[in-house]
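1. Okay, sequence plus prediction incoming.
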Amino acid sequence: QVQLVESGGGLVQPGGSLRLSCAASGSIFSIYVMGWYRQAPGKQRELVARITSGGIANSADSVKGRFTISRDNAKNTVYLQMNSLKPEDTAVYYCNAVVRITIATSPTNYWGQGTQVTVSS
């Protein structure tokens, strides 16, 4: 199986920065897309940003210009640099990866356990 382990969440003041990391491990043949989603209390989970193995990235309009996603394919790790954080960015952030375990299996979605990001003064 595949495990996604996130780190880097915490409490930060408005205007501050945080960097999230997510490392994938386990039985991995290839990883197609890695990304970050978030879920605030009482709201649906939403896409924050995602990046392909080739480095093509896209992000939600609400974070454009503030958040940057990057990826280290050799380490099976994805990062989310979050700058100019706002209270509305407060949420549990989940790492996601679309992984093929073997060349014969179909790509499958995997999720991390989530990391809390709280933006508050």
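-> Cool, the structure landed. Numbers count the residues shown, from 1 in each chain.
2. From here on, just use CA atoms for contacts and neighbour counts.
-> Will do.
3. For residue 48, the count of nearby residues, please.
-> 23 (other CA atoms under 10 Å).
4. Pull up the per-residue confidence for it.
-> Looking at residue 48, its pLDDT stands at 98.
5. do residue 1 as well
-> pLDDT recorded at residue 1 is 88.
6. before we move on, what about the one 10 residues further on?
-> Residue 11 is assigned 98 on the pLDDT scale.
7. And for the one 3 residues further on?
-> The score at residue 14 is 98. That number is its pLDDT.
8. Just list the residues touching it, thanks.
-> Taking CA atoms under 8 Å, 6 or more residues apart in numbering, we find residue 14 in contact with 84-87, 119-121.
9. Pull out the buried positions in the host helix or strand of residue 3.
-> Under the criterion of DSSP states H and E, residue 3 resides in strand 2-7. Of the residues in strand 2-7, those with enough neighbours to count as buried (16 or more other CA atoms under 10 Å) are 2-6.
10. cool, stretch 75-82 as well?
-> Those would be 76-80, 82, for stretch 75-82 by 16+ other CA under 10 Å.
11. Contacts for that stretch next, please.
-> By CA under 8 Å, 6+ apart, stretch 75-82 touches 17-25, 31, 34-36, 66-72.
12. Now list the buried members of those.
-> 17-24, 31, 34-36, 67-71.
13. Mark which of those residues are part of strands, please.
-> Applying DSSP state E to the buried ones among the contacts of stretch 75-82, the entries found in strands are 18-24, 31, 34-36, 67-71.
14. which one of the residues you listed sits closest to residue 108?
-> residue 31 (9.5 Å; CA to CA).
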